[in-house]
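In: structure for this input, please:
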Amino acid sequence: MPGGRLTQQERQQIALGLADGLAYAEIARRVDRPTSTITREVMRNGGPTSYRAEVAHRATERRAHRRRQAAPRGAGALPQPHGRDAEAVREYEEVFTTVIMASGAPTMMSRVLACLTLTDSGSLTAAELVERLQVSPASISKAIAYLENQGLVRRERDERRRERYVVDDDIWYQSMMASARSTAQLVETARQGVGVLVPGTPAATRLENIARFLDFVSESIARAAEQAREILHTKSDTAQDDSA
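Out: All right, here's what the predicted structure looks like:
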């Protein structure tokens, strides 16, 4: 059944396939669906380690119900530039949001970050975020404060003096460096604990090993971020061809 929504039975087959460690392509072959459909289904419903067929089925029904309720108010998929498929963009935004959530970010913060990242301008006002996400201004304010604290969003004023929230290329670099600094602080704290717990004791040895491990990871992250930073400012071949 290549078209239409996934059935509850298909979702159960997906869950069984994930439990057996099958690749998305193999699961897709077994349920006769495109691999992209399986990937979206899993990632928008908790990822491969947390996917549950019943939960995914109920969540899909709730999303469909919300869309039906929103339709009379004109809150469906927003018109898209560049000939993009509006429904495909909306579905991808759900997947992208779920992946961010899987990294540990709260739901609303993940939705705001995904929404900003997937706009061509990379920036939106609070009012625009409220309209796009259909949430309260207070929810946007709280999400922005969290993302700013993580170094993932910055504020700026546009020509009309409106405050805009921006996700630019360098923010991802700054976020990685902030993560490296935070890990380095943990390394220093662990090393202090070695002296307190007396070197050579089991607890002190454990802390020393943690410190050495995290020190290596922290330095690796910072070094890799510095080496790869220019990638964030490099146009892809596709973008260059479009400009031409």
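
In: make it CA atoms for all contacts and neighbour counts henceforth
Out: Noted.

In: tell me the contacts of the residue lying closest to Y146 once chain neighbours are set aside?
Out: Spatial nearest neighbour of Y146, excluding adjacent residues (CA to CA, 6 or more residues apart in numbering): M109 at 7.1 Å. Going by CA atoms under 8 Å, 6 or more residues apart in numbering, M109 touches 143-144, 146-147.

In: quick one: which of those is most hemmed in?
Out: The most crowded member of these, judged by other CA atoms under 10 Å, is I144 (22 neighbours).

In: what sits against it?
Out: Neighbours of I144 in contact, by CA under 8 Å, 6+ apart: 109, 112, 153, 165.

In: what helix or strand is the residue nearest the centre of the chain on?
Out: Taking CA atoms, centre = their mean, the centroid of the chain lies closest to I100, which sits 2.0 Å from it. If you go by DSSP states H and E, I100 is part of helix 86-102.

In: after that helix, which helix or strand is next?
Out: Using DSSP H and E, the first helix or strand after helix 86-102 is helix 107-117.

In: show me the domain layout of the chain.
Out: Domain ranges of the chain: 8-73, 86-166, 169-233, per automatic domain parsing.

In: can you pull the pLDDT of the residue nearest to the centre of the chain?
Out: Looking at I100, its pLDDT is 83.

In: equivalent analysis for T234, please.
Out: For T234, the predicted pLDDT is 77.

In: enumerate every residue touching it.
Out: Taking CA under 8 Å, 6+ apart as the test, T234 contacts no residue whatsoever.

In: find the least confident helix or strand in the protein, judged by mean pLDDT.
Out: helix 237-243 (a mean of 50; mean pLDDT, DSSP states H and E).

In: hang on, the earlier thing: chain neighbours aside, what residue packs nearest to the residue nearest to the centre of the chain?
Out: S110 (5.7 Å).

In: report the contact partners of the one you found.
Out: Counting by CA under 8 Å, 6+ apart, S110 touches 97-98, 100-101.

In: how many neighbours does I221 have?
Out: By the other CA under 10 Å criterion, the neighbourhood of I221 contains 18 residues.

In: got a pLDDT number for the nearest residue to T7 once chain neighbours are set aside?
Out: Spatially, and ignoring its direct neighbours in sequence, T7 is nearest to H57 (7.9 Å; CA to CA, 6+ apart). At H57, the pLDDT value in this model is 85.

In: I'd say H57 and Q8 touch.
Out: Yes - contact criterion CA atoms under 8 Å: H57 and Q8 qualify, at 6.2 Å.

In: ok, these two, which is more surrounded?
Out: H57 (19 against 14).

In: and what about that one, helix, strand or coil?
Out: helix (DSSP: H, G, I helix; E, B strand; the rest coil).

In: just the buried positions in the strand or helix carrying R29, please.
Out: Per DSSP H and E, R29 falls inside helix 24-31. Within helix 24-31, the residues that qualify as buried are 24, 27-28, 31, counting by 16 or more other CA atoms under 10 Å.

In: now do stretch 84-100
Out: The neighbour-count check on stretch 84-100 (16+ other CA under 10 Å) flags 89, 92-100 as buried.

In: now do stretch 105-113, average pLDDT.
Out: 90.

In: what does stretch 167-178 give?
Out: Stretch 167-178 comes out at a mean pLDDT of 83.

In: show residues contacting it.
Out: 113, 116-117, 122-123, 150-154, 221-222, 225, 229, 232-233.

In: check the closest residue to R29 other than its chain neighbours and give its pLDDT.
Out: Leaving aside its sequence neighbours, R29 sits nearest to T35 (CA to CA, 6+ apart; 7.8 Å). Note for T35: predicted pLDDT of 89.
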